[in-house]
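test case, fold it:
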Amino acid sequence: MLISVIIPVYNSEKYLNKCLESLEKQTIFNKLELIFIDDGSVDNSANILDEFAQRNKNVKVKHIKNNGVSNARNVGIKLASCNYISFIDSDDYIDRDYFEMFLNELEKKDSDIIISGFIAEYSNKSVQKKSDVRKNIDDNKNIIKEFLLGRIEPNCTNKLFKKELMGNLKFEIDLAIAEDKLFVFNYLQKANSATIVNEAKYHYAINETSAFKKKFDKKRFDSLKVAKKITDYVNAKYTEFNELAKSMEIDVKCRVYCDIYASNLQGEFKNEVKALKKSIRNFKISKKIKYSSKKHTLALIAAKISPKFYNILKNEMKLQYKS
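All right, here's what the predicted structure looks like:
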């Protein structure tokens, strides 16, 4: 087996069979080590997983006490025995040649990370996110730059990692939101080569369990903590990209600020709203134009005008799945 696939599962019985079916149909299924971490599910997910493991020798199921997706992924990393690691969420699914695509890329170049596109699946539409061209990057600083520019998505899914390079890197279990963004950034700091594939074969299901679909609560401020951590890391190690990091951070601030208003909770989070509004107001549009895409420049302008305007435009700007 060549690739360890880690799938955390928590009360996913509604979507789990579709995920399992897409895995079982993989063209290189016998080269995969499938590691399911049942994170204390109280629905029928555990039974579904055990039945799946009984009919497939390359499937491992670990039942643990509920402690969150980050802990579940960390448990999976410890159990992984292959040279390469990939992550899938239990409510997502993949095309039948998804992992074959990764192996084909490895034959061309043994990059430290391979990044594919993905398709955000909504109830009424599909939104594809992928690079226009296949590209190899053979310099650590340029890899970090691509990440800060948003050309490497912050999801830990739709990627292939090297276990050896991952080393002792873990997901931070005290983060409820954007834990994968921080994990990916920390891994990229170790990477000296990356391949970005211009294909999208990972289907990211946007449903009622998706983080951005849930009503706003204080856990969402974790995304601000992660954005600040990344800015601080960049300022210390990649000083030439400091403005890029600040530009990415303001995107997160716009999202959180406007999500608070969308949930009509600005009274409950009065101090946070005030601080976010000040940051957004003080961030110069000229700087955003220089360091960001047109889409996110428009998002900043919309947030400056009003949270309501931002939220109206959000779907049109296809920002729904951003961390």
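
once you drop chain neighbours, what's closest to L148?
L244 (4.0 Å; C-beta to C-beta, 6 or more residues apart in numbering). Backbone N, C-alpha and C define where each C-beta goes, glycine included.

pull out the buried positions in the helix or strand hosting I230.
In this assignment (DSSP states H and E), I230 forms part of helix 222-237. By neighbour count on 16 or more other C-beta atoms under 10 Å, the buried set for helix 222-237 is 222-227, 229-231, 233-234.

put the alpha carbons of that helix into PDB.
Extracted as PDB, the C-alpha positions of helix 222-237 are listed here (Å, rounded to 0.1, in the frame of the first residue of the first chain):
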ATOM      1  CA  ASP A 222     -10.500  30.700  16.100                       C
ATOM      2  CA  SER A 223     -10.200  31.600  12.400                       C
ATOM      3  CA  LEU A 224      -8.900  35.000  13.500                       C
ATOM      4  CA  LYS A 225      -6.400  33.400  15.900                       C
ATOM      5  CA  VAL A 226      -5.100  31.200  13.000                       C
ATOM      6  CA  ALA A 227      -4.900  34.200  10.700                       C
ATOM      7  CA  LYS A 228      -2.900  36.200  13.300                       C
ATOM      8  CA  LYS A 229      -0.600  33.200  14.000                       C
ATOM      9  CA  ILE A 230       0.200  32.900  10.300                       C
ATOM     10  CA  THR A 231       0.800  36.700  10.000                       C
ATOM     11  CA  ASP A 232       3.200  36.500  13.000                       C
ATOM     12  CA  TYR A 233       5.000  33.500  11.500                       C
ATOM     13  CA  VAL A 234       5.400  35.200   8.200                       C
ATOM     14  CA  ASN A 235       6.700  38.400   9.900                       C
ATOM     15  CA  ALA A 236       9.300  36.400  11.700                       C
ATOM     16  CA  LYS A 237      10.400  34.000   8.900                       C
END
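
circling back: farthest-separated two in the buried residues of helix 222-237?
Taking C-beta to C-beta as the measure, the buried residues of helix 222-237 span a maximum distance of 18.7 Å, between D222 and V234.

tell me where the stretch 201-323 of the chain has helices.
Counting by DSSP state H, counting those that start in this stretch, the stretch 201-323 of the chain has helices at residues 222-237, 242-262, 270-282, 285-291, 294-305, 307-314.

got a markdown table for the ones you listed, with mean pLDDT too?
Shown next, in a markdown table, are the helices of the stretch 201-323 of the chain (pLDDT from 0 to 100):
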| stretch | mean pLDDT |
| --- | --- |
| helix 222-237 | 97 |
| helix 242-262 | 96 |
| helix 270-282 | 97 |
| helix 285-291 | 95 |
| helix 294-305 | 93 |
| helix 307-314 | 88 |
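
deepest of these, which one?
Of all the helices of the stretch 201-323 of the chain, helix 242-262 has the most neighbours on average by mean count of other C-beta atoms under 10 Å, namely a mean of 21.

could you list every helix and strand in contact with that one?
Here helix 242-262 touches helix 140-148, helix 222-237, helix 270-282, helix 285-291, helix 294-305, helix 307-314, going by 3 or more C-beta pairs under 8 Å, 6 or more residues apart in numbering; DSSP states H and E.

any idea which of the ones you listed gets closest to R73?
helix 222-237 (15.6 Å).

what angle separates the closest one from helix 140-148?
Using axes from the mean of the first three to the mean of the last three C-alpha atoms, to 10 degrees, the direction of helix 222-237 lies 150 degrees away from that of helix 140-148.

how far does helix 222-237 sit from the chain's center?
When distances are taken as C-alpha atoms, centre = their mean, to the nearest Å, helix 222-237 is centred 16 Å away from the chain's centroid.

same thing with stretch 220-230?
Per C-alpha atoms, centre = their mean, the centroid offset for stretch 220-230 relative to its chain is 14 Å.

run through who's touching the helix holding I230.
Applying C-beta atoms under 8 Å, 6 or more residues apart in numbering, the contact partners of helix 222-237 are 144, 148, 175-179, 181-182, 185, 189, 241-242, 244-246, 248-249, 252-253, 255-256, 323.
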